[in-house]
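# After the sequence you'll find the predicted model.
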Amino acid sequence: MNKVILVGNLGADPEVVETQGGTTILKIRMATKERVKLDNGSYGDGSEWHNVVMFGKGAAGLSRILKKGDRIGVDGSISTSSWEKDGVMKYRTEIKTFDIELLGSKQGGGRQSEYGVTNPTYSQPDDSEIPF
């Protein structure tokens with residue numbers, strides 16, 4: 001089973017692209033925190049960065065809502081691709097998701113409910129919207 005659940009913050013505003021076939025793709029850079037042991041033996045916080053992609057109608061809606069610093073939850077799967085450029089193999093790991101939930105923002109901005117969870121969750125589109 002290929003299943004990933006992440007909770008973290010957007011490191012930049014999302015990027016939106018549209019395929020020639022008209023499918024919307026939302027690209028997100030997301031950071032999660034983890035406890036790491038430092039050289040001096042103490043512990044501190046480290047960050048792990050993730051590339052997240054979302055396809056379809058939900059991606060277009062989220063592109064208008066999400067902003068840098070927002071806290072989100074992502075439910076998806078790991079996807080790895082490779083290609084050759086100038087004789088060198090390149091690799092990319094992404095989280096493909098159909099479910100992103102806005103959990104709040106650093107600025108507040110009136111987008112957070114009294115219970116800390118806001119705005120809709122965007123779920124998986126039908127198979128005709130998936131470009132792969």
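Good, I have the coordinates.

# residues near Met30, how many?
Using other Cβ atoms under 10 Å, Met30 has 23 other residues around it. Backbone N, C-alpha and C define where each C-beta goes, glycine included.

# what comes up buried for the strand or helix carrying it?
According to DSSP states H and E, Met30 maps onto strand 24-37. By neighbour count on 16 or more other Cβ atoms under 10 Å, the buried set for strand 24-37 is Thr24, Ile25, Leu26, Lys27, Ile28, Arg29, Met30.

# One more: stretch 68-83?
Buried-residue list, stretch 68-83, by 16+ other Cβ under 10 Å: Asp70, Arg71, Ile72, Gly73, Val74, Asp75, Gly76.

# for Ile25, what are its contacts?
Counting by Cβ atoms under 8 Å, 6 or more residues apart in numbering, Ile25 touches Val16, Val17, Glu18, Thr19, Val53, Met54, Phe55, Ala59, Pro131.

# what do you get for Ala59?
Val16, Thr24, Ile25, Leu26, Tyr122.

# still on that earlier bit, if we take the buried residues of stretch 68-83, which one ends up nearest to Val4?
Closest to Val4 out of the buried residues of stretch 68-83 is Gly76 (5.3 Å), distances taken as Cβ to Cβ.

# Would you list the strands that the strand of greatest length in the chain pairs with, along with their directions?
Using DSSP state E, we find that the single longest strand of the chain is strand 88-104. Within its sheet, strand 88-104 is paired with strand 43-55 (parallel), strand 71-85 (antiparallel), strand 121-122 (antiparallel), according to DSSP bridges.

# Give me the angle between it and strand 24-37.
Here strand 88-104 runs at an angle of 90 degrees relative to strand 24-37 (axes from the mean of the first three to the mean of the last three Cα atoms, to 10 degrees).

# Name the residues of strand 88-104 that come out as buried.
For strand 88-104, the neighbour count (16+ other Cβ under 10 Å) marks Glu94, Ile95, Lys96, Thr97, Phe98, Ile100, Glu101, Leu102, Leu103, Gly104 as buried.
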